[in-house]
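> here's my sequence, what's the structure:
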Amino acid sequence: MEIEWALAHPLHDVEDIVEMADGFGGEVEGILTTSRAIFRKNVTMTSAYQQFDRSREFLAVARDGDKLLGFCWFDRGGYTTYSTEEISNAKFHHVDLGLPVKTRVRLINAMIDQHILWAYQNGVPVVCSTSIRGDHRGFMKIHEKRGFTVNGSYGWLRTKDGLNGIKGINLTN
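From the prediction side, this is the model:
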């Protein structure tokens, strides 16, 4: 399998992302009313905006040829009520659940790498990843192995510390 990553493009990736994410509605059923049209609009807007300014949000796709394997989506501008440090939040780490487990883990690790690198490049000191899945243990275990502090379905990491977990990156300062 050849995995190729690219920034999501508004003309080529939106429908595949919407189709793949359509299954997440069950996780919020009875709490939120989901809308494919609203999701499509938000994916389109983000993928178009990032073509001109990559510092606000990041939306990337992983493909094997024409097949969408997964996508990741991060933003910035998050803050807690007890700190002035900006947080980059992961909106989605979504993979094709029909893929072998090793491939899914590989994709999620690549998504975490991208999140950390994007946050670092944009001066965001903390990254946060969450899950809405009923069973989030495997997903959060990947984050724990990467150095995140995990509490329930939330994982937090200082961006600079996360760089140490990316193969090929060596910070000496």
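> thought Val144 was touching Trp156?
No Val there; residue 144 is Glu. No. Counting by C-beta atoms under 8 Å, no contact exists between Glu144 and Trp156, whose distance comes to 11.2 Å. For glycine as for every other residue, the C-beta is placed from the backbone atoms N, C-alpha and C.
> any residues in contact with both of these two?
Val150 (C-beta atoms under 8 Å, 6 or more residues apart in numbering).
> more neighbours: the two, which one.
Shown here are Glu144 and Trp156; by other C-beta atoms under 10 Å, Trp156 has more neighbours (16 against 12).
> residue closest to the middle of the protein?
Cys72 (3.5 Å; C-alpha atoms, centre = their mean).
> mean confidence (pLDDT) on whichever strand or helix holds it, please.
Using DSSP states H and E, Cys72 sits in strand 67-78. The average pLDDT within strand 67-78 is 97.
> right, and the helix or strand after the helix or strand harbouring Tyr120?
With elements taken from DSSP H and E, the one containing Tyr120 is helix 101-121. Downstream of helix 101-121, the first helix or strand assigned by DSSP H and E is strand 126-130.
> angle of the next helix or strand after that next one against helix 101-121?
Downstream of strand 126-130, the next assigned helix or strand under DSSP H and E is helix 137-145. Computed by axes from the mean of the first three to the mean of the last three C-alpha atoms, to 10 degrees, the angle separating helix 137-145 from helix 101-121 equals 50 degrees.
> quick one: least confident helix or strand in this protein?
Within the chain, judged by mean pLDDT, DSSP states H and E, the helix or strand with the poorest mean is helix 25-28; its value is a mean of 66.
> show me what whatever helix or strand comes next after it packs onto, helices and strands only.
From helix 25-28 onward toward the C-terminus, using DSSP H and E, the following helix or strand is helix 36-49. Here helix 36-49 touches helix 14-21, strand 57-64, going by 3 or more C-beta pairs under 8 Å, 6 or more residues apart in numbering; DSSP states H and E.
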